[in-house]
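Novice: Generate coordinates for the sequence data below:
(one chain, ligands or ions: 1)
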Amino acid sequence: MTKTQSALQLARKAYEPKLPKTLRGAIEVVEAGVTEPVADKEELKKLFPHTYGLPILRFVEAQEKKDYPAINVGILLSGGPAPGGHNVISGLFDGLKKNNKDSRLFGFILGPGGLVNHEYKELTAEMIDEYRNTGGFDIIGTGRTKLEKEEQFEKGLEIMRELNIKALVIVGGDDSNTNAAVLAEYYKAKDAGIQVIGCPKTIDGDLKNEVVETSFGFDTACKIYSEIIGNIQRDCSSACKYWHFIKLMGRSASHIALECALQTQPNICIISEEVAARNMTLDDVVTYIASVVAERAAKGLNFGTVLIPEGLIEFIPAMKKLIAELNELLADSTEQQTTKSSEQRNWVISKLSPENASIFASLPESVANQLTLDRDPHGNVCVSRIETEVLLSSMVGTKLAQWKAEGKYVGKFATQHHFLGYEGRCGFPSNYDADYCYSLGYAAAQLIVTGKSGYMASVRNTVAPADEWIAGGAPLSMMLNMERRRGKNHPVIKKALVDLDGKPFKTFAAHRDKWARETAFIYPGPIQYFGPSELCDRPTITLQLEKAD
Ligand code: FBP
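Specialist: Predicted structure coming up:
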């Protein structure tokens, strides 16, 4: 039985993603000079002897089309979904077929686990056509298995040899592209004949550098969240009775919160990176929010919006130290931990340093418990499960009650809580993400047919019309540095945090006091897919500001 499809799904099927001019005809590769990683050069040179120092690649129009042999390629989607993944697959498929119609594409099921467990399906034209320009990763699914053990690499090799696969595309965030870098090095060192290409995905927007200007999905997710924030703000300024505390996904970096603030002009937006740079305590953050609430209340405005990045807790310096010690303790500990949460709490307190033990003991029980929950396979705290919006609003409530008793505040403080996360990760990709992802997939195909490995597909200059986008490849090794994970030093791709000297933050900082005092809300409305380019193809404000120079 054919599945019922929505009117938009049917209409989007017909959408033809825009490709850069240089990818449309015959293509040639141009190499720039050798590259170096951002830090820890000597250590990384030793760990990645075969893929260290590769040149940046750029595709240009060629005079004549080259013939490439048919090739079998595998693809896997890794980590959280992000709008546009299906277009990476369709761009890769079309790019491979353009070079040789006998090339084949295999998808590994549920992420890296599918490669290791030999679960796959061949992706045919009919299957891919069903998913063009749709959100989600459901064509093959995704997972967070970390590829780190030699036996996993060997299991992968086994199935790829069986399917005669010569290249593997790993679509993921910083951790998954770290996997891609490690795998590329391993297969090159072994002369296994398998190329590995990464692709920058994550709604978090923290996988970017001089050659990768954004990760796909960030654009759509921010537009979806901004639509919802705008709707909440309109309700807020209609009913005039609630303070809305809105937590936004984004694991570590505050790019999503910042972009949504630029799109919607809330009364308050906390930027974790600023909290860390200013060495702020939890109480400082609470006092700042309470002051804005009190200032507005004095003018009779007992309503407003507060945007909170989900990673905030980890950026408060004292909390960061606590989490680092908890990570080591929970990674190393072989001691039996009891299941009752009060006993678990006491056990943790008894093991922590006195300074961290006292902070841990002072936290509300629910937050303390959330901090000791299982880590993800990469050793990260599952920040999306920590209810920071509830923690902050209750602490603000307590502070305001104190101020009221002291006669410093007169007003009403009623709250609503929201967590915007999963509702933005699988939306229909915006035109920007649909075009960007299709181009990334197409660029990956070109890297593969030209024999490259250890590269991330890259498409730049995306604030310009798609015609002028610059496609190529960025060496994964240039993005690595050494970081402490689960109690040990590991090579990982450096996360791009919000740059406090960058234009997006400075623009926000220049306006936030006005947005706090006044009600200057903006209502972005839903993503537009059909209509004039200025309405439908516009990139994020973050990207526009970053590229404005
Ligand atoms: P990726 O970095 O894998 O793209 O994950 C993004 C993200 O949505 C984060 O914003 C969030 O903290 C996390 O995934 C939630 O993970 P999960 O899907 O496992 O609940």
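Novice: tell me which parts of the stretch 51-200 of the chain are close to the ligand?
Specialist: 79, 80, 82, 173 (CB under 6 Å from any ligand atom). Using the backbone N, CA and C atoms, a C-beta is placed for each residue, glycine as well.
Novice: Please tell me which one of those counts the most neighbours.
Specialist: Of all those, residue 82 has the most neighbours under the rule other CB atoms under 10 Å, reaching 35 neighbours.
Novice: That one belongs to a strand?
Specialist: No - according to DSSP: H, G, I helix; E, B strand; the rest coil, residue 82 belongs to no strand; its state is coil.
Novice: What separation do you get for it and residue 176?
Specialist: Separation of residue 82 from residue 176 (CB to CB, to the nearest Å): 11 Å.
Novice: so what's in contact with the two at the same time?
Specialist: With contacts taken as CB atoms under 8 Å, 6 or more residues apart in numbering, the residues that reach both residue 82 and residue 176 are residue 201.
Novice: Where does the prediction get shaky in the chain?
Specialist: Low-confidence regions of the chain, defined by pLDDT under 70, span residues 1-3, 332-340, 374, 376-380, 383-384, 549.
Novice: Try it again at 50.
Specialist: Applying pLDDT under 50 to the predicted model, the residue ranges of the chain that meet it are 336.
Novice: what does it put close to the ligand?
Specialist: 79-80, 82, 173, 202-204, 249-251, 310, 383-384, 425.
Novice: possible to save these as CSV with secondary structure?
Specialist: Output for the residues of the chain next to the ligand, formatted as CSV (three-state DSSP):
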residue, secondary structure
79, coil
80, coil
82, coil
173, coil
202, coil
203, coil
204, coil
249, coil
250, coil
251, coil
310, coil
383, helix
384, helix
425, coil
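Novice: Out of these, flag the one nearest to residue 431.
Specialist: Using CB to CB, residue 82 is the member of the residues of the chain next to the ligand that lies nearest residue 431, at 15.6 Å.
Novice: OK, contacts around that closest one?
Specialist: For residue 82, counting by CB under 8 Å, 6+ apart, the contacting residues are 137, 201, 202, 203, 215, 216, 217, 218, 220, 221, 425.
Novice: what about 7 Å?
Specialist: Residues counted as contacts of residue 82 (CB atoms under 7 Å, 6 or more residues apart in numbering) are 201, 202, 203, 216, 217, 425.
Novice: Check residue 107 too.
Specialist: When contacts are counted by CB under 7 Å, 6+ apart, residue 107 touches 75, 120, 121, 123, 139, 140.
Novice: Most neighbours out of those residues, which is it?
Specialist: residue 75 (28 neighbours).
Novice: Okay, it and residue 524: tell me how far apart.
Specialist: The separation that residue 75 has from residue 524, given CB to CB, amounts to 33 Å.
Novice: now residue 141
Specialist: The gap separating residue 141 from residue 524 is 31 Å, by CB to CB.
Novice: and residue 397, how many neighbours does it have?
Specialist: Applying other CB under 10 Å, we find 17 other residues in the vicinity of residue 397.
Novice: no no, residue 148
Specialist: Residues near residue 148, counting by other CB under 10 Å, number 15.
Novice: Looks to me like it is in a helix.
Specialist: No - membership of residue 148 in a helix is not supported by three-state DSSP, which gives coil.
Novice: ok so, going back, now for the contacts of residue 107, which pair is the farthest apart?
Specialist: Farthest apart among the contacts of residue 107 by CB to CB are 120 and 139. That separation is 12.3 Å.
Novice: quick one, what contacts the residue in the chain that the ligand sits nearest to?
Specialist: When scored by CB to the nearest ligand atom, the chain has residue 79 as its residue closest to the ligand, at 2.4 Å. In this structure, residue 79 makes contact with 142, 144, 172, 173, 175, 176, 202, judged by CB under 7 Å, 6+ apart.
Novice: Closest one of those to residue 240?
Specialist: If you rank the contacts of residue 79 by distance to residue 240 using CB to CB, residue 202 comes first, at 37.1 Å.
Novice: In this structure the closest one contacts residue 215, no?
Specialist: Yes - with contact defined as CB atoms under 7 Å, residue 202 reaches residue 215; the gap is 4.6 Å.
Novice: out of the two, which sits in the more crowded spot?
Specialist: Between residue 202 and residue 215, counting by other CB under 10 Å, residue 202 is the more crowded of the two (30 against 27).
Novice: How about the contacts made by that one?
Specialist: Taking CB under 7 Å, 6+ apart, one finds 79, 80, 82, 173, 215, 217 in contact with residue 202.
Novice: What segments of the stretch 201-350 of the chain are strands?
Specialist: With DSSP state E, counting those that start in this stretch applied, the stretch 201-350 of the chain shows strands at 243-248, 268-269, 304-309, listed in chain order.
Novice: So which of the ones you listed is nearest residue 49?
Specialist: Go through the strands of the stretch 201-350 of the chain one by one with CB to CB and the one that ends up closest to residue 49 is strand 304-309, at 38.3 Å.
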